[in-house]
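1. structure for this input, please:
(chains A and B)
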Amino acid sequence: MLTPVARGRTPDLRKTLERLPPGELSPLARLPGTHFARFAIVTDLGGDQLLFSSTFDVHPPGYLGEICSRMPEEADEIWSHCDGYPGTADPEGFVQYLERHRVKTTLFVAAYPDATLDDVRDALALRARLAEFVAPAQSMTPEELQAAFHERVLVEPRERQVVRSG
Amino acid sequence: MSQGETPDRTTALTLFTVIGRPRATVWLRLIFWLATKLPLPRWTLLRLKLIHYARWSILSREGLRRPYLFFESNFNGSPDAYVEAFSYAFPLGMRAIWGSSQCFPGPTPVETLRKWIRRGQHHEQHYYCAYPDASTREVLAGLEVRRRVGELVSRTQGADPAEFAKEYGALVSGLQWDI
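-> Predicted coordinates for the structure are as follows:
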């Protein structure tokens, strides 16, 4: 989506965005099903605009509500620099505001269109466990192999299960 | 280094270009519609296994003096290497998509193309990737491992150790390029 930055507020908006913590500490990490997302200030579209774009698993209206409920402080800090922003205190207005400034995607290409974020994370973890298992498995008897495969490859590490259920 | 160039493997590119002639948006919409219907354009784009996700939007909203073409990509490696790979692998597609954008120099020479892209590129003030250490190839390999392991589990329900070991051997052999 592209929201118009209020006149003279671009430097403050830039500072706000650049202060956001990276990686898993990013507020965007709290949005469920988010694979990739970005904020960029676009300065040559007839007035400065804030671009927010995200690639995610959830249907848009639900996703915009998630932004409002899961990162309200950061959302207010960011979009309060934009014209007409209603604030997260008005969740319905918040969703309508972002919907109004939504840019329709004309073409979208995905290397793995059917995979959710959980699918990708599970697949990467499983691949890592299998890769780690292959070498020691070479010296196992069939009985040991069958038991160890279920124990070390198929079962998620306990610490991850705890995080997921929390 | 901008936020979009994470120190690991995933990089963002955000590009806005001016569509030179307003009527060209009709042509572009046709091109994009065809790209959603025909498998070849997407196959050509994705075959290098550099792109996780990419999108294009035509901006011709009220308040804009001219229509713009927005492009964003999440990919592996440096923008320079990415642009070079696509200038050679996707030249016809690049001409079809950006040929109507102002001052588009063509897919080659690649240095001229890079300079043109840098002029329209916007650096991300904040960029998030949920699995920054994984390349597109690794994600695809992981999904293939997941599929094959799932098949093995279904096939070996109640199997004795010898049968399981045989199936496991076939699994590892079949996945040698994916693990």
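2. can you pull out the helices in chain A?
-> For chain A, helices defined by DSSP state H occupy the ranges A:10-19, A:60-70, A:72-79, A:91-100, A:117-137, A:142-148, A:158-165.
3. columns distance to residue A:52 on top of the ones you listed, output as a markdown table?
-> (Glycine included, C-beta is placed from N, CA and C.) Putting those into a markdown table (distance: least, Cβ to Cβ, whole Å) gives the following:
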| stretch | distance to residue A:52 |
| --- | --- |
| helix A:10-19 | 10 |
| helix A:60-70 | 9 |
| helix A:72-79 | 8 |
| helix A:91-100 | 8 |
| helix A:117-137 | 18 |
| helix A:142-148 | 46 |
| helix A:158-165 | 27 |
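4. nearest to residue B:18, out of these?
-> Shortest distance between residue B:18 and the helices of chain A, using Cβ to Cβ, is found for helix A:10-19: 20.6 Å.
5. just name the shakiest helix or strand of chain A by mean pLDDT.
-> helix A:158-165 (a mean of 41; mean pLDDT, DSSP states H and E).
6. now do the contacts for the residue of chain A positioned farthest from its centre.
-> In chain A, the residue that sits farthest from the middle, by Cα atoms, centre = their mean, is residue A:141; the gap is 43.3 Å. Shown in contact with residue A:141 (Cβ atoms under 8 Å, 6 or more residues apart in numbering or on different chains): residue B:161.
7. so how far is residue B:161 from it?
-> Applying Cβ to Cβ, to the nearest Å, the value for residue A:141 to residue B:161 is 8 Å.
8. kindly report the same for residue A:70.
-> 47 Å.
9. list the contacts for the residue nearest the centre of chain A?
-> In chain A, the centroid-proximal residue (Cα atoms, centre = their mean) is residue A:34; its distance is 2.6 Å. With contacts defined as Cβ under 8 Å, 6+ apart, residue A:34 is in contact with A:28, A:54, A:55, A:56, A:117, B:128, B:130.
10. hmm, 7 Å instead?
-> A:28, A:54, A:56, A:117, B:128, B:130 (Cβ atoms under 7 Å, 6 or more residues apart in numbering or on different chains).
11. find the nearest non-adjacent residue to it, please.
-> The shortest distance from residue A:34 to any non-neighbouring residue, by Cβ to Cβ, 6 or more residues apart in numbering or on different chains, is to residue A:56 (4.7 Å).
12. you'd agree residue B:31 is in a helix?
-> Yes: with DSSP: H, G, I helix; E, B strand; the rest coil as the criterion, residue B:31 is part of a helix.
13. distance check, it against residue A:153.
-> In terms of Cβ to Cβ, residue B:31 sits 45 Å off from residue A:153.
14. same question for residue A:139.
-> According to Cβ to Cβ, residue A:139 and residue A:153 sit 16 Å apart.
15. thinking again about what came up before, contacts only, for the residue nearest to residue A:34.
-> Shown in contact with residue A:56 (Cβ under 7 Å, 6+ apart): A:31, A:33, A:34, A:35, A:63.
16. please redo it, this time with the cut-off set to 10 Å
-> A:28, A:31-37, A:62-63, A:66, A:116-117, B:130 (Cβ atoms under 10 Å, 6 or more residues apart in numbering or on different chains).
17. and residue B:152, by the same measure?
-> Contacts for residue B:152 (Cβ under 10 Å, 6+ apart) come out as A:149, A:153, A:154, B:159, B:164, B:167, B:168, B:170, B:171, B:174.
18. show the contacting residues for the residue lying farthest from the centre of chain B.
-> Each residue of chain B has a distance to the centre, and by Cα atoms, centre = their mean the biggest one is for residue B:160: 43.8 Å. Contacts for residue B:160 (Cβ under 10 Å, 6+ apart) come out as A:142, A:143, A:146.
19. quick revisit: shared neighbours, residue A:141 and residue B:161?
-> Residues touching both residue A:141 and residue B:161 (Cβ under 10 Å, 6+ apart): residue A:147.
20. show me the domain layout of chain B.
-> Following automatic domain parsing, chain B resolves into domains at B:2-120, B:136-174.
21. list phi and psi for the residue farthest from the centre of chain A.
-> Residue A:141 adopts backbone torsions of phi -80, psi 160, taken as degrees, to the nearest 10.
22. over stretch B:131-149, what's the mean pLDDT, rounded is fine.
-> Across stretch B:131-149, pLDDT averages out at 94.
23. wait, does it contact chain A?
-> Yes: Stretch B:131-149 reaches chain A (Cβ under 10 Å from any Cβ of the partner chain) through B:131-134, B:136-149.
24. kind regards, and thank you for your time.
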